[in-house]
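Fold the following for me, if possible:
(one chain, ligands or ions: 1)
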Amino acid sequence: MLPPGPLPARTILDPVPQVYTVHKGAPMNIPRCCLALLLALLTVPASAQQRVNLIRNGGFEQFKGDEPVGWETTNIPGVCVVVSSTPRKAAGSSAVELTVKNCFGSHFPGMITQGNIKIAGPTMRLTFSYELTRVGQDVGYIGMDFRNAEGSTIRMCEERLLNEATTYTTFSATFPVPADAATAELKLALLATGKDETLHVGTKLLVDEMTLVTVSENR
Ligand SMILES: [Ca+2]
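Residues are numbered from 1 along each chain as shown. Presented below is the predicted three-dimensional model:
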């Protein structure tokens, strides 16, 4: 339950949207209509209008089989499933899990891609929660491919998750948007960085609560 008194003031400066847990069994003396209003106030960030999440299904709550809705994966259904839903989540009911499996004699990595993200600058912030199990020199990989209105790539940015995370950890990056960029393609994957350049079975990346928002230029 929230402490008594007014809700804490929140601004666009908040790095991570606040998520309040709403407990079942609310006090019986709260009228149903007021309870509904209260729930709405608690679950919609105060600055939501300025901070529309441009990622579809960023909470990884919707799956069709092993496929997270709104994302493309490297799964070969029924043959090599390296992307799937997991109940080990940061929020909600599920998260997405990327693994490495031995398929057809080679180590095959999980990857998820969301394209045609309508972006707006001048500055954006990507935030998500993750857990990372590393084997060998394997790391997590984040790539963003900026495209102009004609669909041509004008800039590619990448980031790597280097540290093992046994509990959900927040990743946050603020970056400028190229002036001519109209859309972006976002990719999360597992990447081998060892000398043999081979991924290892057992490397695993869990991702949840992903947001991509436009922020003010001076933030
Ligand atoms: Ca979730």
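
Contact residues of the protein facing the ion?
Within the chain, the positions near the ion by Cβ under 5 Å from the ion are 59-60, 89, 91-92, 208. Using the backbone N, CA and C atoms, a C-beta is placed for each residue, glycine as well.

Most neighbours among these, which one?
Neighbour counts for the residues of the chain next to the ion peak at Phe60, which has 28 neighbours (criterion: other Cβ atoms under 10 Å).

residue of this structure with the smallest distance to the ion?
The ion sits closest to Gly92 of the chain, with a gap of 3.4 Å, by Cβ to the ion.

In terms of helix, strand or coil, where does that residue fall?
Recorded secondary structure, Gly92: coil (DSSP: H, G, I helix; E, B strand; the rest coil).

Glu61 is in contact with that one, correct?
Yes. Assessed by Cβ atoms under 8 Å, Gly92 is found in contact with Glu61 at 4.9 Å.

quick one: average pLDDT of stretch 192-203?
Regarding stretch 192-203, the rounded mean pLDDT is 89.

how long is that stretch from one end to the other?
In stretch 192-203, first residue to last residue: 10 Å (Cα to Cα, to the nearest Å).

Please apply the same query to stretch 171-191.
End-to-end for stretch 171-191, by Cα to Cα: 17 Å.

ok, so what distance separates Thr133 from Gly143?
Distance of Thr133 to Gly143, computed by Cβ to Cβ, to the nearest Å: 20 Å.

quick one on the thing from earlier: which pair in the residues of the chain next to the ion has the greatest spatial separation?
Phe60 and Ala91 (9.6 Å; Cβ to Cβ).

list residues touching both of these two?
Residues touching both Phe60 and Ala91 (Cβ atoms under 8 Å, 6 or more residues apart in numbering): Asp208.

C-terminal to the lowest-mean-pLDDT helix or strand in the chain, what's the next element?
Ranked by mean pLDDT, DSSP states H and E, the helix or strand of the chain with the weakest confidence is helix 32-43, at a mean of 53. Remark: after helix 32-43, the chain's next helix or strand is strand 63-64, criterion DSSP states H and E.

which strands and helices sit next to the helix or strand following that next one?
Sequence-wise, the next helix or strand downstream of strand 63-64 (DSSP H and E) is strand 67-68. Here strand 67-68 touches strand 83-86, going by 3 or more Cβ pairs under 8 Å, 6 or more residues apart in numbering; DSSP states H and E.

Run through who's touching the strand it packs on.
60, 63, 66-68, 73-75, 94-99, 110-112, 206.

Parallel or antiparallel, which strands does whatever helix or strand Leu205 lives in pair with?
Assigning secondary structure by DSSP H and E places Leu205 in strand 204-215. Here strand 204-215 is paired, per DSSP bridges, with strand 95-103 (antiparallel), strand 123-133 (antiparallel).

so what's the nearest residue to Leu132 once chain neighbours are set aside up against?
Residue nearest to Leu132 in three dimensions, not counting chain neighbours: Ala165, with 4.7 Å by Cβ to Cβ, 6 or more residues apart in numbering. Neighbour list for Ala165: 130-132 [criterion: Cβ under 8 Å, 6+ apart].

pLDDT score assigned to Ala165?
Reading off the model, Ala165 has pLDDT 98.

shift numbering so it begins at 35
Taking 35 as the first residue, the last one we looked at is Ala199.

in this protein, which segments are predicted with low confidence?
Across the chain, residues meeting the criterion (pLDDT under 70) sit at 35-84, 251-253.
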